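Q: below: sequence and its predicted model.
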Amino acid sequence: MPFTYQRSSALFDEAKKYIPGGVNSPVRAFNAVGGNPVFVERAKGAYLYTEDGSKIIDYIASWGPMILGHAFETVVEAVKKAAEKGTSYGMPTELETQIAKLAVSMCPNIDQIRMVNSGTEACMSAVRLARGFTGRDKIIKFAGCYHGHSDSFLIQAGSGAVTFGSPNSPGVTKGTAQDTILADYNNLDQVAEIFKNNPEQIACIIIEPIAGNMGCIVPKEGFLEGLRKLCDENGALLVFDEVMTGFRLASGGAQEVTGVNADIVTYGKVIGGGLPVGAFAARKEIMNYLAPTGPVYQAGTLSGNPLAMSAGIAMLSHLNNHPEIFDRLAEKTKRLHEGIDSVLSQKGIDYTINRYGSMISVHFTDEPVVDFDSAAKGNNEWFKKYFHGLLEQGIYLPPSAFESYFLNDALSNEDIGITIDAVEKVVKSW
Ligand code: PMP
């Protein structure tokens, strides 16, 4: 059946009347790639089923959380069971301790964890905690890294912010912006210089330890270790934003695979099993600064919500009991990488493929992509053709060149083979 947008297009027109831009998160509107966004009717395993009746192979997995594939049975059952007992109490439940205990046992170097409702909240709260703990105001962030849409982070942000040409959003005050100091990803000398110029003022460095919001960008050897050392020497905290990498690269996320310990770690996506959950965690000494134990205030009516906690427990338990999933995902991603690589290299076009674990991105430039500037050199016209060509073949990639694909465990080798064949068909006509 040919790929059509008729119903999606009508739904988008109706949505635009009542929702700004027709969407509740900007990247969904397809502004970066043009054309009409695809409306989803349902999803199962590795596939999305569109409102126009197409079945498409999904490489975004809801931007990461659906690591086991869509509508994974034990997660769905856990949510159903929880819903029957009431959807929110605003009072403590045993579920919250169960997920906290599980997360702390899976991740290195953390004693306690606080649940919130999104990655944005997790990063915003982590920075407040770092400031409260150190008594300092300034933070260092990297151009092209995205840590959610709270004010301090919308300074050269990646992901949707850069896609929409507003990496520095209006509405962020100068006062807030001046406390965020920017550095280039993978440039350790620059970070050392910032510490030198701002003695005893830096509360923390926040970083995506493997970046996914300017495509997938891998830290150079020694970069994360160097940041760790600079933080230790200067009394600053190292915050790993593991909203994408947590429970995806390994049980213990990027801390485990890189062997570098952070002081505060943020989580999101996988930890909620597809429900709205984020979290931040640290050793006890730091978490003791949080209310109600300590003076740094942070709260949430729906935080620790029983549906979300039940989904999260089902998801994390499955990953904890099946650690082979992480290797399997990495193997599938390698297979995809090699297939796309072989097709594009025969075509003689400029490209670079970055990959780490189950995160991968294709950049249409022949230069190494190591930071935001090099990612921005990618040819967006080619990306648009690649994206739409693949969508018409039934393959759904992230609709922006500044995003990583996320593979899920339900993807079969056959699905990956179909994807590589589709890439071949798409670039044949270039
Ligand atoms: N940090 C990172 C690394 C992210 O990728 C994202 C979202 N893509 C966030 C934070 C913000 O998470 P959320 O969209 O749940 O607020």
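A: Received the coordinates, thanks.

Q: residues contacting T258?
A: 209-210, 219, 224 (Cβ atoms under 8 Å, 6 or more residues apart in numbering). Glycine gets a C-beta too; all of them are placed from N, C-alpha and C.

Q: now for this structure, the helix or strand with the poorest mean pLDDT.
A: helix 160-163 (a mean of 63; mean pLDDT, DSSP states H and E).

Q: tell me the first helix or strand C-terminal of it.
A: Proceeding N to C from helix 160-163, the next assigned helix or strand is helix 174-177, under DSSP states H and E.

Q: okay, that following helix in PDB with CA atoms only?
A: Extracted in PDB, the C-alpha atoms of helix 174-177 (Å, rounded to 0.1, in the frame of the first residue of the first chain):
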ATOM      1  CA  LYS A 174      19.900  37.900  31.000                       C
ATOM      2  CA  GLY A 175      20.500  37.200  34.700                       C
ATOM      3  CA  THR A 176      19.800  33.500  34.200                       C
ATOM      4  CA  ALA A 177      21.700  33.300  31.000                       C
END
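
Q: who are the packing partners of the next helix-or-strand element following it?
A: Sequence order places strand 180-183 as the next helix or strand after helix 174-177, per DSSP H and E. With contacts defined as 3 or more Cβ pairs under 8 Å, 6 or more residues apart in numbering; DSSP states H and E, strand 180-183 has these neighbours: strand 138-142, helix 188-197.

Q: the inter-axis angle of the last one versus strand 138-142?
A: Here the directions of helix 188-197 and strand 138-142 differ by 170 degrees (axes from the mean of the first three to the mean of the last three Cα atoms, to 10 degrees).

Q: give the next helix or strand downstream of helix 188-197.
A: Downstream of helix 188-197 (by DSSP H and E), the next one is strand 202-207.

Q: and that following strand, what does it pack against?
A: Against strand 202-207 (3+ Cβ pairs under 8 Å, 6+ apart) you get helix 119-134, strand 138-142, helix 188-197, helix 223-234, strand 237-241.

Q: same thing but at 7 Å, please
A: Applying 3 or more Cβ pairs under 7 Å, 6 or more residues apart in numbering; DSSP states H and E, one finds that strand 202-207 contacts helix 119-134, strand 138-142, helix 223-234, strand 237-241.

Q: as CSV, the ones you listed with mean neighbour count, distance to the ligand and mean pLDDT would be great.
A: Compiled in CSV, the helices and strands packed on strand 202-207 are given as follows (neighbours: other Cβ atoms under 10 Å; distance: least, Cβ to the nearest ligand atom, whole Å; pLDDT from 0 to 100):
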stretch, mean neighbour count, distance to the ligand, mean pLDDT
helix 119-134, 24, 2, 98
strand 138-142, 24, 11, 96
helix 223-234, 18, 15, 98
strand 237-241, 28, 5, 99
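
Q: relative to D421, which of the ones you listed is closest?
A: Shortest distance between D421 and those, using Cβ to Cβ, is found for helix 119-134: 34.5 Å.

Q: angle of that closest one against strand 237-241?
A: Angle of helix 119-134 versus strand 237-241, following the same axes, to 10 degrees, is 170 degrees.

Q: count the neighbours of the closest residue to H388 other than its chain neighbours for me.
A: Leaving out its chain neighbours, the residue that sits closest to H388 by Cβ to Cβ, 6 or more residues apart in numbering is G35, at 6.2 Å. By the criterion of other Cβ atoms under 10 Å, G35 has 14 neighbours.

Q: domain ranges for this protein?
A: Following automatic domain parsing, one gets these domains for the chain: 6-71+325-428, 74-321.

Q: return the most buried member of these.
A: Among the domains of the chain, ranked by average contacts under mean count of other Cβ atoms under 10 Å, first place goes to domain 74-321 (a mean of 20).

Q: what about that one, how long is it end to end?
A: 13 Å (Cα to Cα, to the nearest Å).

Q: tell me the one of the contacts of T258 nearest G357?
A: Distances from G357 to the contacts of T258, taken as Cβ to Cβ, are shortest for I210 (7.5 Å).

Q: the residue nearest to H388 touches F387, doesn't it?
A: No - counting by Cβ atoms under 7 Å, G35 does not reach F387; the two are 8.8 Å apart.

Q: low-confidence regions, the protein specifically.
A: By pLDDT under 70, the low-scoring segments of the chain are 1, 158-167.

Q: quick revisit: to I264, which of the helices and strands packed on strand 180-183 lies closest?
A: Comparing the helices and strands packed on strand 180-183 by Cβ to Cβ, strand 138-142 comes nearest, at 11.6 Å.

Q: other SSEs contacting that closest one?
A: On a contact count with 3+ Cβ pairs under 7 Å, 6+ apart, strand 138-142 meets strand 180-183, strand 202-207.

Q: up against the ligand, what does the stretch 151-300 of the chain have?
A: Neighbours of the ligand within the stretch 151-300 of the chain, by Cβ under 6 Å from any ligand atom: 159, 208, 212-213, 241, 243-244, 268, 278.

Q: let's see 5 Å
A: Selection of the stretch 151-300 of the chain residues close to the ligand by Cβ under 5 Å from any ligand atom yields 208, 241, 243-244, 268.

Q: returning to what we had before: how about JSON lines for the contacts of T258, with secondary structure added?
A: Formatted as JSON lines, the contacts of T258 follow (DSSP: H, G, I helix; E, B strand; the rest coil):
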{"residue": "P209", "secondary structure": "coil"}
{"residue": "I210", "secondary structure": "coil"}
{"residue": "P219", "secondary structure": "coil"}
{"residue": "L224", "secondary structure": "helix"}
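
Q: which other residues reach stretch 39-49?
A: 8, 11, 50-51, 55-58, 69-71, 396, 408, 410-411, 415 (Cβ atoms under 7 Å, 6 or more residues apart in numbering).

Q: nearest to A254, of those?
A: Proximity of these to A254 (Cβ to Cβ) peaks at N408, which lies at 18.8 Å.
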